[in-house]
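> Pasting a predicted model and its sequence here:
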Amino acid sequence: MVASLTRRFGDLGVAEDATAEAFLAAAERWPREGVPPNPGGWLATTATRRAIDRLRRESQHDAKHQAARLVYDDTPPEPTGPVDDDRLRLVFTCCHPALALEARVALTLRLLGGLTVAEIARAFLVRETTMAQRITRAKAKIKAAHIPYRVPRAADIRERLTGVLAVVYLVFNEGYLASEGDDPVRVDLTDEAIRLGRLLRTLLPDNGEVAGLLALMLLTDARRAARVSRTGELVTLDQQDRSAWDRTLIAEGNALVRERIEAVAAGGEPPGRYQLQAAINVVHTDAPSAGDTDWSTIVALYGRLVLLDSSPIVRLNRAVAVAEVDGPGAGLAEIDRLAEVLDGYHAFHAARADLLRRLGRGGESRTAYDRALALAGNPAERAFLTRRRDQLAG
């Protein structure tokens, strides 16, 4: 876009300023009004208008001449680059390396993912005000550094891939168990994330983490039909009707994981975080029943994952698996080590409440369920937590 505007107006500075302003305008308007059907065209049109306005302000007598050049523009259209899909191209564009990884992911989720600041804050386990400040600072940096909207080149793809994968996965997670609103599952988000995952797979067929993320989403989405009961209550994995799982999606996800296992065995790069999470989901979907789950393998996979991603969420999930192997006491001991960092996370208190229940510590379990309910926003999850709390003796 910058090159096209420079050809039209003959001023690189004007072109860069106009594209940056168009990008910022999108960041302000799209979260409120929705992403337009042709977001790339919207940005191009907005940038052109901003460039004309700037030239008019700088030189009134030259504006008519520039507008005339705009009407008669025989320059060839700018190539779309290696990314054909308009929305995926914009995700790569937003994940600009000039911004910190967390900032670029948050801004992209706000701009293109349609997530609210509150939803993004919950995904990053920070306060809403903190996330709002981060997004504001990211916008200010775009403006100050004149970061332009630019079609991603081949060299940009791998440089920006980590951020793009994080965006797609967080969009999927928000759809699979919505953190706010009346709908427990937002199919529009899960379907869009999987669509983007398939496009990434086509773009980078040999990338292990791309395959791992797609497999992870497919294996998780395969359980969607069994995830919420007819009465609108969350159904946990151990209680789900496995005959309702989508075996076609499971087969596709398993095939991707097997492909990566063979690639690693042949000397390829060791598996990354998405591949390991996909492998954990394979263990779950392979089990005929919850009682047949190979929890020892899951604990081992989480052990490898912690070496790559020692985030508190990963450690919490590992602790839940440890409880299945070594007992609820061992799991609770590991969970309690995360109390300070995860106190504002409802799933931490829900997991803790369940282990306390299994240990016969009903009063403490009730307190933990109350804390989880105070933090949970998903209606299906709240219904489940309420029932489990009310089932406690005494």
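Nice, I can see it.
> Where do the domain boundaries of this protein fall?
If the domains of the chain are taken from automatic domain parsing, they occupy 2-71, 311-394, with pieces of a single domain joined by a plus sign.
> Any idea which of those domains has the lowest pLDDT on average?
Mean pLDDT values for these show the minimum at domain 2-71, a mean of 59.
> measure the nearest residue to Arg371 once chain neighbours are set aside to Ala372 for me?
Spatial nearest neighbour of Arg371, chain neighbours left out: His349 (4.3 Å); criterion: CB to CB, 6 or more residues apart in numbering. Just so you know, the C-beta spots here come from the backbone N, C-alpha and C atoms, and that holds for glycine as well. Here His349 is placed at a distance of 4 Å from Ala372 (CB to CB, to the nearest Å).
> which stretches of the stretch 101-250 of the chain have low pLDDT?
Along the stretch 101-250 of the chain, the parts satisfying pLDDT under 70 run over 113, 147-151, 180.
> Show me the helices in it, by range?
With helices called from DSSP state H, counting those that start in this stretch, the stretch 101-250 of the chain shows them at 101-111, 117-124, 128-145, 154-176, 187-203, 208-221, 247-265.
> returning to what we had before: residues contacting the residue nearest to Arg371?
Neighbouring residues of His349 by CB atoms under 8 Å, 6 or more residues apart in numbering: 368-369, 371-372, 375.
> quick one: which of the residues you listed sit in helices?
Among the contacts of His349, the residues falling in helices (DSSP state H) are 368-369, 371-372, 375.
> What is the nearest of the residues you listed to Trp30?
Distance from Trp30 was checked for each of those by CB to CB. The minimum falls on Leu375, at 28.8 Å.
> Please tell me how far the closest one sits from Ala347.
Using CB to CB, one obtains 9 Å as the distance from Leu375 to Ala347.
> if we can go back for a sec, buried deepest among the helices of the stretch 101-250 of the chain, which one?
Comparing those by mean neighbour count (mean count of other CB atoms under 10 Å), helix 208-221 comes out on top with a mean of 25.
> Which strands or helices does it pack on?
Using 3 or more CB pairs under 8 Å, 6 or more residues apart in numbering; DSSP states H and E as the contact criterion, the neighbours of helix 208-221 among helices and strands are helix 154-176, helix 187-203, helix 247-265, helix 273-286.
> Send me it as PDB with only the CA atoms.
The C-alpha coordinates for helix 208-221 follow below in PDB (Å, rounded to 0.1, in the frame of the first residue of the first chain):
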ATOM      1  CA  GLY A 208       5.400 -28.300  12.800                       C
ATOM      2  CA  GLU A 209       3.800 -25.700  15.000                       C
ATOM      3  CA  VAL A 210       1.300 -24.800  12.300                       C
ATOM      4  CA  ALA A 211       0.300 -28.500  11.900                       C
ATOM      5  CA  GLY A 212       0.200 -28.800  15.700                       C
ATOM      6  CA  LEU A 213      -2.100 -25.800  16.200                       C
ATOM      7  CA  LEU A 214      -4.500 -27.100  13.500                       C
ATOM      8  CA  ALA A 215      -4.500 -30.500  15.100                       C
ATOM      9  CA  LEU A 216      -5.100 -29.100  18.500                       C
ATOM     10  CA  MET A 217      -8.100 -27.100  17.400                       C
ATOM     11  CA  LEU A 218      -9.600 -30.000  15.400                       C
ATOM     12  CA  LEU A 219      -9.200 -32.400  18.300                       C
ATOM     13  CA  THR A 220     -10.700 -29.900  20.700                       C
ATOM     14  CA  ASP A 221     -13.500 -28.900  18.400                       C
END
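> Alright, calling it a day.
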